[in-house]
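structure for the following, please:
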Amino acid sequence: MKVIFMGTPDFSVGTLEELIRAGHEVVLAVTQPDKPKGRGKEMQFTPVKEVALKHGIPVFQPKKIRDAESIEELRKYPADVMVVVAFGQIVPKEILEMTPYGCINVHASLLPKYRGAAPIQWSIIDGESVTGVTTMQMDEGLDTGDMLLKTEVPILPKETGGSLHDKLAEAGAKLCVDTLKALEEKTIVGEKQGETPTAYARMLDKKLGNIDWSTGAEEIERLIRGLNPWPSAYTMWEDKVMKIWEAEVFEGEEESESGTIVKVEKDGFFVQTGKGLLKITQLQIPGKKRMDAGAFLRGYSIKEQTKLG
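Residues are numbered from 1 along each chain as shown. Alright, predicted model coming up:
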């Protein structure tokens, strides 16, 4: 098939590469404008742009995809289908209906669960044991189009937002190729979505990572894993931001207020939560790299009954 590919971050790259590998002709890659990054504020290409240029695919970077000029630009590239993976802008009706097979979206959840911008992280934070990828025929709603194919991916006990992202990106790439094949062979019928049983998977922000120690240890541990590597879970220690990267849940209560360090061992320290104890095993303080809690404790003094947060 002739494909117009729309995507921006790392999550999109696997699907673009898999489409090329499967022999589809990607006639255009549409991605977000380059952004300045780092201290030097040098303009950085999006991951999709980098891959497209490597394969000699023309790149289009509209500020607003719904503008008339953007829509006209797309019309210059006749295609059978558009594939949209984490593009980052809402696609208007004129584009949804531009190609014979419309717009196919790869979404990182088992729809209708976890519609929205951050389904990968929220599935971990909410304690799901399985998630997956759904391909759908896009409509004008937010992740509400007819479902085409699904594949399940288990969420492991130590899964992080980063590790699950990579698994789902790989699964989504294969599923997209399978979906295009089934569409061509007319062996697939879209299935309407029912009501979603989960909250909208809203975009992540840094404030979300501020640990509320009055919640339970299990919930906090899931938050830590879900927000690893970005935006990360954190607490305040001696007026410094302490990022928490890994922790373990322990049952039992101490006679202390939530957020209090109740026990310090060689390889970590225990914090009282609203329910149970959380042992901090990997952390980071400003100006330092991530480190095991044991290494931190050899360089810094942490006393029992210190309050975090």
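
quick one: the helices in the protein?
All helices of the chain, identified by DSSP state H, fall at 10-21, 47-54, 68-75, 93-96, 119-125, 161-184, 217-226, 293-299.

same for the fourth one, what does it pack against?
Counting contacts by 3 or more Cβ pairs under 8 Å, 6 or more residues apart in numbering; DSSP states H and E, helix 93-96 packs against helix 68-75. To be clear about C-beta, it is placed using only N, CA and C from the backbone, and glycine gets the same treatment.

the helix it packs on packs against which elements?
strand 59-60, helix 93-96.

with distance to Pro112 added, can I get these in a markdown table?
Listed next are the helices and strands packed on helix 68-75 as a markdown table, based on distance: least, Cβ to Cβ, whole Å:
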| stretch | distance to Pro112 |
| --- | --- |
| strand 59-60 | 31 |
| helix 93-96 | 19 |
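
JSON lines please, covering these and showing distance to Val262 and mean pLDDT.
JSON lines is the format used below for the helices and strands packed on helix 68-75 (distance: least, Cβ to Cβ, whole Å; pLDDT from 0 to 100):
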{"stretch": "strand 59-60", "distance to Val262": "55", "mean pLDDT": "98"}
{"stretch": "helix 93-96", "distance to Val262": "56", "mean pLDDT": "98"}
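
mind putting those in TSV, distance to Gly299 and mean neighbour count included?
Formatted as TSV, the helices and strands packed on helix 68-75 follow (distance: least, Cβ to Cβ, whole Å; neighbours: other Cβ atoms under 10 Å):
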stretch	distance to Gly299	mean neighbour count
strand 59-60	47	17
helix 93-96	55	16
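
which one of the ones you listed lies closest to Lys279?
Ranking the helices and strands packed on helix 68-75 by proximity to Lys279 (Cβ to Cβ) places strand 59-60 first, at 47.7 Å.

thinking again about what came up before, deepest of the helices of the chain, which one?
helix 119-125 (a mean of 25; mean count of other Cβ atoms under 10 Å).

please state the mean pLDDT value computed over that one.
The average pLDDT for helix 119-125 rounds to 98.

that one packs against which elements?
Helix 119-125 packs on strand 130-137, helix 161-184, helix 217-226, going by 3+ Cβ pairs under 8 Å, 6+ apart.

and the residue lying farthest from the centre of the chain, how close does it get to Gln305?
Among residues of the chain, the one most distant from the C-alpha centroid is Glu255; the distance is 38.1 Å, by Cα atoms, centre = their mean. Glu255 sits at a distance of 11 Å from Gln305 (criterion: Cβ to Cβ, to the nearest Å).

so the residue farthest from the centre of the chain versus Pro78, what's the distance?
72 Å.

next: Met6.
16 Å.

neighbour count: the two, which is higher?
Neighbour totals were compared for Met6 and Pro78, and Met6 leads with 28 against 11 (other Cβ atoms under 10 Å).
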